[in-house]
Structures are given as C-alpha cells and as structure tokens.
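A.B. asks: Kindly generate the corresponding structure for this input.
(2 chains)
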Number of protein chains: 2
Amino acid sequence: MIEKKFRLGNLFDFYGELLTDKQQNILELYLLDDFSFGEISDNHSISRQAVYDTVKRSEKILEDYESKLGLMEKFHATESLIKDVSEKMDLLLTKIEDSKVSNDIADVINEVKSRLTSI
Amino acid sequence: MIEKKFRLGNLFDFYGELLTDKQQNILELYLLDDFSFGEISDNHSISRQAVYDTVKRSEKILEDYESKLGLMEKFHATESLIKDVSEKMDLLLTKIEDSKVSNDIADVINEVKSRLTSI
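C.D. replies: As a prediction, this is how the structure comes out:
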C-alpha cells in the first residue's frame, strides 16, 4: 500500500502537469499533504467516493503515460548511474590518497563529484 | 528550418507515443523517412494541406508536452553530464599513466567509463 502510494507520488512528480487542475489539487492533498480520502472529502465539500474516483482515475492516466513513455524508469536508471559513479569517485579518492599521487588527480575527481551533484 | 526539424525529431522521440497513430505515421514519413509534404500527399492519398496541418498540429502538441514536463531538456542535461564525466575519466587516465600509480586505480576509472556508456 505504502509502495503503491510512493509509486503514485513518483508518477505525479513526473507527469502531474498533464492532469487537470482538479486532479492535481486532489492528488496534492492526498500525496503531498498526506490527507486521507475522508479528510479531503470533509474539507473540500466533495464526496469521499468522488475523491477516491479522482485518485484512481488520475493513477490510471499517469500509469498510462509511463507505460507509453517510460521516462520515469529511464530517470531512475540515471539516478542509479549518478549514485554509482559518485561512490566510485569516493573509492578513487581513497585509493589515490593511499598512493600519494599528485593533487591534480584528486582535483579532477572532485570536479566530477561536483558535476554529478549539479544534475 | 533544419534546426526546427531537428527539434521536432527530438520531441517526437520523447513524446511521439502520445500522438494518434495517424499523426505518428505522418511524422515518421516526414522525420524518419525524410519525405516532403508533397511526397507524403502523393503516396498516401491525402492532400498536401492535410499533411501540413497534421505536422503543425503534432508539433504544437509535442511542444506543449515539453513545456509542461520539460523532460527532454532534463535528458539533454544528463547527456551533457555523461559526456563531461567521460571526458574527465579520459583525462584522469592520462594523468594516472604519467604518475605511474597502481593499475587498480585505472581499473576503477575504466569501470566508471563502461558504466557511463550503459545508460
């Protein structure tokens, strides 16, 4: 359940702008403000069923975008790449420190690390 | 003009799956097979004007997706990052060769380079 909500949050981050304003508003309350369907219903004068339907319908639309475009999966692969490369840079720095090589090598590695965090 | 077509090609790569089959078919003929509007018209029994309108309408739809999502721009930034980091790895290899440090440092760098090309 938590995993499903987490995935919906990721999908919303990616494709949320393609939903209607109403769908976006309800998903923001549900995902970002962490209100329950009942609380959203109480505070925004819509039935709990309408909240539920909007979330489910939005989820289907967002999943459909991801199944057509696959851009979220691609981005997660990039994130994983950046994490891997960053860890390798740390490993290099340790090895280079041990080898007592010149500072300019460490400088290049630090440049790479800083470039990786810029994305 | 060429730049505009190039951008449309990039947009089509990213968001093309969100167009209708008919729009996708015409854009494939125009962008991938490099047919002119007139040639597409002659070979597919539709007016030149209809081809033109479909391309322009599709372009607008694709630009609209990019203006809402900005994922193409984000991906180009990642491509640029990968190119930069890859160049830095080459630089490191040269510096390390000059310093005659142990091979395991070069091994890590080569691993990073191979990881960068996997994306």
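A.B. asks: So which residues on chain A come close to chain B?
C.D. replies: A:14-15, A:17-18, A:65, A:68-69, A:71, A:74-75, A:77-78, A:81-82, A:84-85, A:88-89, A:91-92, A:95-96, A:99, A:101-102, A:104-105, A:108-109, A:111-112, A:115-116, A:118-119 (C-beta under 8 Å from any C-beta of the partner chain). In short, each C-beta sits where N, CA and C put it, glycine included.
A.B. asks: Now which of those would you call buried?
C.D. replies: Listed as buried from the residues of chain A next to chain B are A:14-15, A:18, A:65, A:69, A:71, A:75, A:78, A:81-82, A:85, A:88-89, A:91-92, A:95-96, A:99, A:101, A:105, A:108-109, A:112, A:115-116; burial here means 16 or more other C-beta atoms under 10 Å in any protein chain shown.
A.B. asks: okay but A:Leu116 is in contact with A:Glu79, surely?
C.D. replies: No. The pair A:Leu116 and A:Glu79 does not pass the contact test of C-beta atoms under 8 Å, sitting 10.7 Å apart.
A.B. asks: And the longest helix along chain A, how far out from the chain middle?
C.D. replies: Longest helix in chain A, counting residues (DSSP state H): helix A:71-99. Mean C-alpha position of helix A:71-99 versus that of the full chain (C-alpha atoms, centre = their mean, to the nearest Å) differs by 18 Å.
A.B. asks: what is the rounded mean pLDDT of that helix?
C.D. replies: Averaging pLDDT along helix A:71-99 gives 79.
A.B. asks: what's the following helix or strand after it?
C.D. replies: helix A:103-116 (DSSP states H and E).
A.B. asks: which strands and helices sit next to that next one?
C.D. replies: Packing partners of helix A:103-116 (3 or more C-beta pairs under 8 Å, 6 or more residues apart in numbering or on different chains; DSSP states H and E): helix A:71-99, helix B:71-99.
A.B. asks: Those helices into a markdown table, with extra columns for distance to A:Phe35?
C.D. replies: What follows is the helices and strands packed on helix A:103-116, written out as a markdown table (distance: least, C-beta to C-beta, whole Å):
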| stretch | distance to A:Phe35 |
| --- | --- |
| helix A:71-99 | 24 |
| helix B:71-99 | 28 |
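A.B. asks: Which among those helices is found nearest to A:Asn25?
C.D. replies: Comparison of the helices and strands packed on helix A:103-116 against A:Asn25 by C-beta to C-beta identifies helix A:71-99 as nearest, at 21.8 Å.
A.B. asks: what packs against the closest one?
C.D. replies: helix A:2-15, helix A:103-116, helix B:71-99, helix B:103-116.
A.B. asks: The last one versus helix A:103-116: what angle between them?
C.D. replies: Read that as helix B:103-116. Orientation check (axes from the mean of the first three to the mean of the last three C-alpha atoms, to 10 degrees): helix B:103-116 against helix A:103-116 gives 20 degrees.
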